[in-house]
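> How does the following fold in three dimensions:
(2 chains)
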Protein chains: 2
Amino acid sequence: MKSIITQLFIALVIVFSPALVMAAGKLDQADIERAAELRDKALKSDLAYDILESLTTEVGPRMAGTEGDKRAVKWAKNKFKQLGFDKVWTEPVTFPSWDRGVEQAEIISPFPQKVIVTALGNSVGTGNEGVRGEIAHFKTFEDLQAAERGAVGGKIVFISHKMKKTRDGRSYGKAVAARSRGASVAGEKGAKAIVIRSIGTDHDRLPHTGNMGYAEGVRKIPAAALSNPDADLLLNQLKRGSVEFGLTLTSSPGELLTTYNVIGEITGRESPEEVVVIGGHLDSWDLGTGAVDDGAGVAITMAAAKLISEGKRPRRTIRVVLWGNEEQGLWGAKAYAKAHKDEMDKHITGAESDFGAGLIWSFDWTSVNENEPLIDQMAQLLKPLGVKKGNPKATSGPDLWPLRGLGMSTFALRQDGTDYFDLHHTANDTLDKVNPEHLKQNVAVYSVFAYAVAEVTGDFGRGIKY
Amino acid sequence: MKSIITQLFIALVIVFSPALVMAAGKLDQADIERAAELRDKALKSDLAYDILESLTTEVGPRMAGTEGDKRAVKWAKNKFKQLGFDKVWTEPVTFPSWDRGVEQAEIISPFPQKVIVTALGNSVGTGNEGVRGEIAHFKTFEDLQAAERGAVGGKIVFISHKMKKTRDGRSYGKAVAARSRGASVAGEKGAKAIVIRSIGTDHDRLPHTGNMGYAEGVRKIPAAALSNPDADLLLNQLKRGSVEFGLTLTSSPGELLTTYNVIGEITGRESPEEVVVIGGHLDSWDLGTGAVDDGAGVAITMAAAKLISEGKRPRRTIRVVLWGNEEQGLWGAKAYAKAHKDEMDKHITGAESDFGAGLIWSFDWTSVNENEPLIDQMAQLLKPLGVKKGNPKATSGPDLWPLRGLGMSTFALRQDGTDYFDLHHTANDTLDKVNPEHLKQNVAVYSVFAYAVAEVTGDFGRGIKY
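Down below sits the predicted model:
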């Protein structure tokens, strides 16, 4: 039988040796009380809304590479400092820039009407003279894939797939192929251009932009999104026969530019080298003021870390990363992963808020043990906020994908996204769309989550596959 | 005691002598059954929606004086003919035209952001170079009226009054002074320009246009509306201090042009010279496709008259007037009143549908006798449609104002306008905003109304004052 001293020694080694990659432990009663206090304080705090109001008012649109983006980086550094974060710094993010230019479209015949379009991010232009051609209509991206060259060649492809509202946003995955890959498939079959029904669930004359790409070796054709009412109009004209369409985009690729991930830390009191990563992306598309995508994520996570910092520092460091240039291809996320790839054993876990500001209704996790006691403790703490325990197959916000690729565990604090795609990537993404009470609930959830995973001992595992 | 023959003679004189201007009589049982049949048929008919789909798809925006307006006039004549109206003709409407031109605005300082504006109808332009100036903010039109010259002179006035949602639209009356008269008051006090928060109840980045005027002898200054989220943004910047604003409008007055009232009649079987006037206005603003304002009114009243015509013609003529250029100053209505002023004794009564396509919830009337038996019969017929009997102080759609001025009685079939000012005069006024079931209910109400007043004997009075 081992002596009590030996047992204590073994216990101490296990507790204080992160290299062992052991399952996360439990919060003690004082920690639980502290987490509950944080939760209740967050529900009364206007801080996130104030941060969001500041970002949208003082910066506004901040597409990577624009003046707005530069101001956003400056704003973020100042805001972290004002909020008293322990460390604030930036890390460079280099990316190929893109300029939107003019965007105009019209139905030329049978019944001339102007229609409202926006260029898809990364699209080539049409030249000032525009392109015109007969519409080749496909109901879905898959129908376009299945089409003969003869049905597409020399025409302007139109994909009319209508995205459905879902709480968890799963309909986006299906709809978005038309945007991201439509031009490649249409271009390969000889189309002149492609216009898609907006990847959005609203009925507003405000088209949804968003990133697209060109497959290697395929002729690059211009790509745009019609507002949803304009897509309806085009369909109604197509019911009457052939439609001649005109599109002018002067969008163009720009030079290689540098923006920044802006990072603020609340340094851990016992294991400062161990990091919990939260955050949102700092850039937005250029059409709106990026309140929902992703000013909300910026505000929620900055506010949560600030509220935690007002008490005793947690054991580990909470690192708020405001990712640069998410929208045009996760450039900030990739730069961070590259710069920190050798520190992955110190990246304990993380969560990104990048799905608006709807109420969080569930949380998922990844872990070496599906039945972590900590998970149940978190579930108890989050229950009064209407958040239920989900499953151990957490996805994550897109900026954590590269870190997950390097093996980092993630949590998904799942927001209600029913209305998210009404606004996503449109001019309508403005401050008035954010419900201040919902924002508070998000901060409460992030506060509990970040505090718990930063305070608890042990680990959540590495390289989880599912 | 008079003989039965004498009594019958007197009764006949009363019944068949419209010149007596006697109070309206009653529908007989067969008429009531016919009206109920019409109502129930209308509830199953897609006709109004089909008309509206045709107008918005084949014509679209149709601001008076534009190519769209010309196409609308042609469309309306053809549609009346296709629907088998007994007589179809046009009457000329001359008006001073206006061109929208370019519309751009920005907050220059403290935090530069582009904002979304639209020129108010009839506004002068700023010149290509635009105007810039400090914002002089007033919460209401009345605050601007009360302001000293020194608080306004050389500045750009901003009125931030927020319109509230109401079912009956009464909040419009209060809000609209900023739009219609703001420029005159601001100009008189030496302002460079005026921008107002949109007269609308939505949260979309789609500003509301609408007509404005200049008081005699006052310097004309440019006038525009900000979208509501942009007005919020401007207010948030103003909370931080002085704001420098830039506005460029190239709007300008155009030449004197002619459009048309397009008129279709279902000729009365007994008193064809006696006319019941229904209709909506054919023109729209240029930003949307005018589905709600006022394609719906066009479709509802054309469909109602067509459904009535499928049975025995009513006693009197039903005249559907599709008014030309309502938006820029009731030009069609004034032209009609002028052309028909000597026929007012034959204009029995009327109603205009120009408040969207929401469910009708009440009806008001004007009459020589507040307790017309007919009113109660109509109330019974309309009850299953959710329409209640209102009061004898009917207002009317704007195109009937000149005829009311000449003494004509009107009915008001009151639509639910709760959402009407979300769309009114914006690019968002498109077909998808119209609920096809609500449109059917409107047609049912108009069918009962038009049939009843065209079938009944007697009159509704003249020159009613209230």
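
> Stretch A:290-305 and chain B in contact?
No: contact of stretch A:290-305 with chain B is not found when judged by CB under 8 Å from any CB of the partner chain; the minimum separation is 9.1 Å. Where you see a C-beta, it was placed from the backbone N, CA and C, and this is true even at glycine.

> ok, A:V131 - contacts?
Contacts for A:V131 (CB atoms under 8 Å, 6 or more residues apart in numbering or on different chains) come out as A:I156, A:K192, A:A193, A:P222, A:G246, A:L247, A:T248.

> Then A:A35?
Residues in contact with A:A35 (CB under 8 Å, 6+ apart) are A:L27, A:L381, A:S447, A:V448, A:Y451, A:A452, A:E455.

> tell me which element the third one is part of?
Think A:S447. For A:S447, the enclosing helix or strand under DSSP states H and E is helix A:436-455.

> What are the buried residues along that helix?
Within helix A:436-455, the residues scored as buried using 16 or more other CB atoms under 10 Å in any protein chain shown are A:438-455.

> quick check: longest strand of chain A.
strand A:252-266 (DSSP state E).

> For the helix or strand following that one, which residues meet the burial criterion?
Following strand A:252-266 in sequence order, the next helix or strand is strand A:271-281 (DSSP H and E). Using 16+ other CB under 10 Å as the burial criterion, the residues of strand A:271-281 that qualify are A:S271, A:P272, A:E274, A:V275, A:V276, A:V277, A:I278, A:G279, A:G280, A:H281.

> interface residues of the stretch 201-350 of chain A facing chain B?
Checking the stretch 201-350 of chain A against chain B by CB under 8 Å from any CB, the hits are A:203-206, A:228-229, A:232-233, A:236-237, A:240, A:288-289.

> Can you pull out the low-pLDDT segments for chain A?
A:1-22, A:369-371, A:463-466 (pLDDT under 70).

> Tell me which residues touch the residue lying closest to A:T140 once chain neighbours are set aside, please.
Excluding its sequence neighbours, the residue lying closest to A:T140 (CB to CB, 6 or more residues apart in numbering or on different chains) is A:H161, at 4.9 Å. By CB under 8 Å, 6+ apart, the contact set of A:H161 is A:K139, A:T140, A:F141, A:A175, A:A178, A:I196, A:R197.

> go on, A:G264?
A:F80, A:L83, A:F85, A:K87, A:V88, A:M302, A:A305, A:R319, A:V320, A:L322.

> let's go with 10 Å and repeat that
For A:G264, the contact set (CB atoms under 10 Å, 6 or more residues apart in numbering or on different chains) comprises A:76-77, A:79-81, A:83-89, A:279, A:301-302, A:305-306, A:309, A:318-322.

> how close does the spatially closest residue to A:E352 that is not a sequence neighbour sit to chain B?
Closest residue in space to A:E352, ignoring its immediate chain neighbours: A:G397 at 2.6 Å, by CB to CB, 6+ apart. Separation of A:G397 from chain B (CB to the nearest CB, to the nearest Å): 25 Å.

> With A:A296 instead?
With CB to the nearest CB as the criterion, A:A296 and chain B are 15 Å apart.

> Nearest residue to that residue in space, please, no chain neighbours.
A:A357 (3.8 Å).

> So the one you found is in contact with A:A303, correct?
No: counting by CB atoms under 10 Å, A:A357 does not reach A:A303; the two are 11.8 Å apart.

> quick one: which of these two has more around it?
The neighbour comparison of A:A357 against A:A303 (other CB atoms under 10 Å in any protein chain shown) goes to A:A357, with 31 against 28.

> dump the residue contacts of that one.
By CB under 10 Å, 6+ apart, the neighbours of A:A357 are A:48-49, A:52, A:291-297, A:299-300, A:415-416, A:419-420, A:433-436, A:438-442.

> Out of these, which sit inside strands?
Using DSSP E, the contacts of A:A357 in strands are A:Q415.

> Return the member of the contacts of A:V131 nearest to chain B.
The closest of the contacts of A:V131 to chain B turns out to be A:G246 (CB to the nearest CB; 15.2 Å).

> neighbours of that closest one, just the number please.
20.

> same question, A:P61
Count around A:P61 with other CB under 10 Å applied: 22.

> For the stretch 1-150 of chain A, which segments count as strands?
Secondary structure of the stretch 1-150 of chain A (DSSP state E, counting those that start in this stretch): strands at A:87-99, A:103-109, A:113-115, A:117-119, A:131-138.

> Can you show me the helices along the stretch 201-350 of chain A?
A:228-238, A:296-309, A:331-339 (DSSP state H, counting those that start in this stretch).

> Tell me which of the ones you listed sits most buried.
Counting by mean count of other CB atoms under 10 Å in any protein chain shown, helix A:296-309 has the highest mean neighbour count of the helices of the stretch 201-350 of chain A, with a mean of 28.

> circling back: closest to A:P392 among the residues of the stretch 201-350 of chain A next to chain B?
A:P392 has its nearest neighbour among these in A:G288, at 35.3 Å by CB to CB.

> So that closest one sits against A:T56, correct?
Yes: look at A:G288 against A:T56 with CB under 10 Å: they come within range, at 8.9 Å.

> Just want to know which of the two has more residues nearby.
Taking neighbours as other CB under 10 Å, A:G288 and A:T56 compare with A:T56 leading, 30 against 27.

> Tell me who's in contact with the more buried one.
A:62, A:284, A:288-292, A:295, A:299, A:429-432, A:434, B:111, B:113, B:229, B:232-233, B:236.

> repeat for A:K77
A:K77 neighbours (CB under 10 Å, 6+ apart): A:F85, A:V88, A:W89, A:T90, A:Y260, A:V262, A:I263, A:G264, A:L322.

> A:D202 - how many residues pack around it?
22.

> For it, which non-adjacent residue is spatially closest?
A:D422 (3.9 Å).

> host element of the one you found?
Counting by DSSP H and E, A:D422 is found in helix A:420-423.

> How far off centre is that helix?
Here the centre of helix A:420-423 is set off from its chain's centre by 13 Å, with CA atoms, centre = their mean, to the nearest Å.

> for stretch A:419-438, same thing?
14 Å.

> For the most centrally placed residue in chain A, give me its contacts.
Closest residue to the average C-alpha location of chain A: A:D354 at 3.5 Å, with CA atoms, centre = their mean. Neighbouring residues of A:D354 by CB under 10 Å, 6+ apart: A:279-281, A:293-294, A:296-298, A:323, A:326, A:396-400, A:415.

> separation between it and chain B?
Distance from A:D354 to chain B, by CB to the nearest CB: 21 Å.

> What residues of stretch A:31-51 count as buried?
Judged by neighbour count using 16+ other CB under 10 Å, the buried positions of stretch A:31-51 are A:31-32, A:34-35, A:38-39, A:41-42, A:45, A:47-49, A:51.

> picking that back up, could I have the CA atoms of the helix holding A:D422 written out in CSV?
The C-alpha coordinates for helix A:420-423 follow below in CSV (Å, rounded to 0.1, in the frame of the first residue of the first chain):
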residue,chain,number,x,y,z
TYR,A,420,-29.1,35.1,-39.7
PHE,A,421,-29.3,34.5,-43.4
ASP,A,422,-31.8,37.3,-43.8
LEU,A,423,-28.9,39.7,-43.2
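
> what sits up against it?
A:163-167, A:169, A:171-172, A:175, A:198-204, A:206, A:208, A:228, A:288, A:291-293, A:296, A:355-358, A:428-430, A:433-434, B:203.

> just the buried members of these?
Applying 16+ other CB under 10 Å to the contacts of helix A:420-423 flags A:163, A:169, A:171-172, A:175, A:198-204, A:206, A:208, A:228, A:288, A:291-293, A:296, A:355-358, A:428-430, A:433-434, B:203 as buried.

> what domains does the record give for chain A?
A:20-98+A:256-455, A:102-250 (automatic domain parsing).

> what about the shortest one, start to end distance?
By that I understand domain A:102-250. 5 Å (CA to CA, to the nearest Å).

> That domain: how far from the chain's middle?
Taking CA atoms, centre = their mean, one finds domain A:102-250 lying 24 Å from the centre of the chain it belongs to.

> Beta-bridge partners for A:G121, please?
A:N211 (DSSP bridges).

> Correct me if wrong: it contacts A:G254.
No: counting by CB under 10 Å, A:G121 sits too far from A:G254 to count as a contact (12.0 Å).
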